[in-house]
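Chemist: Please work out how this folds:
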Amino acid sequence: MRKHHNKLYYSKYRFKTIFKLPGSLCFYPTTDHYLQNLIEMNFDKPDMVRLARFILRNRTSMKFRIQDKIQIFYSDKNLAHELIEKFWDYWYGSESVDPKFNKLGKNSVGCKRLPHGRFQYQVHLKKDVHKLLKTHERETLWAYLERNKENCLVTNKYVLDYLIGKYPHCYHGYFYVSEQKMLTPIYMIAQKGIDKVMRFVTIKNGRNKKTKRT
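Modeler: Okay, the predicted model is just below:
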């Protein structure tokens, strides 16, 4: 699972369920084709086979992370309960997120603290942005970001090298903006090169409810 952890957890899946099943490294790679082959080979670990079937059946309704000693699933309440019931012997703990986080929009990310403490927005550039923006648009964008250092921040080296003209290509990346009003000039300057804008939202008293097996 390569997507942003908080985005998946706080914006879509409110329930995190943790298990400790031995031998889970046999699941790599976790593609449908590999898991189906594992099942058809009559693998000698029945719990792993049951888990493979569960993932194949519910992959589109959850996200998961398979690690060496633990398995983490992000899902809704019903699927979390089904997981615990099916794999009770290996259930380690669960967390549920404050329902307020579930009301966030598609391009919003719930968080306890804003990136770098104060930036509410993350502006993502399109792939091959260097083919989309003209030289004067790139220079104007960098001049605007440089002129507003208190409200704009470029942390990615490759994005920075592209914006300052040190490197002619840029294939991905983003920069931060602190306030919504700063976005309008950025769109006016470089709309053709902007893929999306992510908004970070902090919610007061938003907290996780944790349950561990005793």
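Chemist: which phi and psi does residue 153 have?
Modeler: As for residue 153, its main-chain torsions (degrees, to the nearest 10) stand at phi -150, psi 130.
Chemist: Ignoring the adjacent residues along the chain, who's closest to it?
Modeler: residue 176 (4.4 Å; CB to CB, 6 or more residues apart in numbering). Every C-beta, even on glycine, is put in place using the N, C-alpha and C of the backbone.
Chemist: just the CA coordinates of the strand or helix carrying that neighbour, formatted as PDB?
Modeler: Using DSSP states H and E, the element containing residue 176 is strand 174-177. Output of strand 174-177 as PDB, limited to C-alpha atoms (Å, rounded to 0.1, in the frame of the first residue of the first chain):
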ATOM      1  CA  TYR A 174       4.800  19.400  -4.700                       C
ATOM      2  CA  PHE A 175       5.200  22.500  -2.600                       C
ATOM      3  CA  TYR A 176       3.400  23.900   0.400                       C
ATOM      4  CA  VAL A 177       1.200  27.000   0.800                       C
END
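Chemist: Hmm, the residue nearest to residue 153 is touching residue 122, no?
Modeler: Yes. Between residue 176 and residue 122 there is a contact at 5.8 Å, judged by CB atoms under 8 Å.
Chemist: got any residues that touch both of those two?
Modeler: Applying CB atoms under 8 Å, 6 or more residues apart in numbering, one finds that residue 176 and residue 122 are jointly contacted by residue 115.
Chemist: And those two? Which one has more around it.
Modeler: Shown here are residue 176 and residue 122; by other CB atoms under 10 Å, residue 176 has more neighbours (22 against 18).
Chemist: that older thread, mind giving me the packing neighbours of the strand holding residue 176?
Modeler: If you count contacts as 3 or more CB pairs under 8 Å, 6 or more residues apart in numbering; DSSP states H and E, strand 174-177 packs onto strand 121-125, strand 152-153.
Chemist: Any idea which of these gets closest to residue 168?
Modeler: strand 121-125 (14.5 Å; CB to CB).
Chemist: what about the helices in this structure?
Modeler: Using DSSP state H, the helices found in the chain span residues 5-11, 32-40, 46-58, 77-86, 129-132, 135-147, 157-163, 183-190.
Chemist: In JSON lines: the ones you listed, plus mean pLDDT and mean neighbour count.
Modeler: Output for the helices of the chain, formatted as JSON lines (pLDDT from 0 to 100; neighbours: other CB atoms under 10 Å):
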{"stretch": "helix 5-11", "mean pLDDT": "59", "mean neighbour count": "19"}
{"stretch": "helix 32-40", "mean pLDDT": "87", "mean neighbour count": "13"}
{"stretch": "helix 46-58", "mean pLDDT": "90", "mean neighbour count": "16"}
{"stretch": "helix 77-86", "mean pLDDT": "91", "mean neighbour count": "16"}
{"stretch": "helix 129-132", "mean pLDDT": "95", "mean neighbour count": "17"}
{"stretch": "helix 135-147", "mean pLDDT": "97", "mean neighbour count": "15"}
{"stretch": "helix 157-163", "mean pLDDT": "94", "mean neighbour count": "18"}
{"stretch": "helix 183-190", "mean pLDDT": "96", "mean neighbour count": "16"}
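Chemist: Out of those helices, which is closest to residue 197?
Modeler: Taking CB to CB, helix 183-190 is the member of the helices of the chain nearest to residue 197, at 6.5 Å.
Chemist: Contacts for that closest one next, please.
Modeler: 121, 123, 133, 137-138, 140-141, 144, 177, 194, 197.
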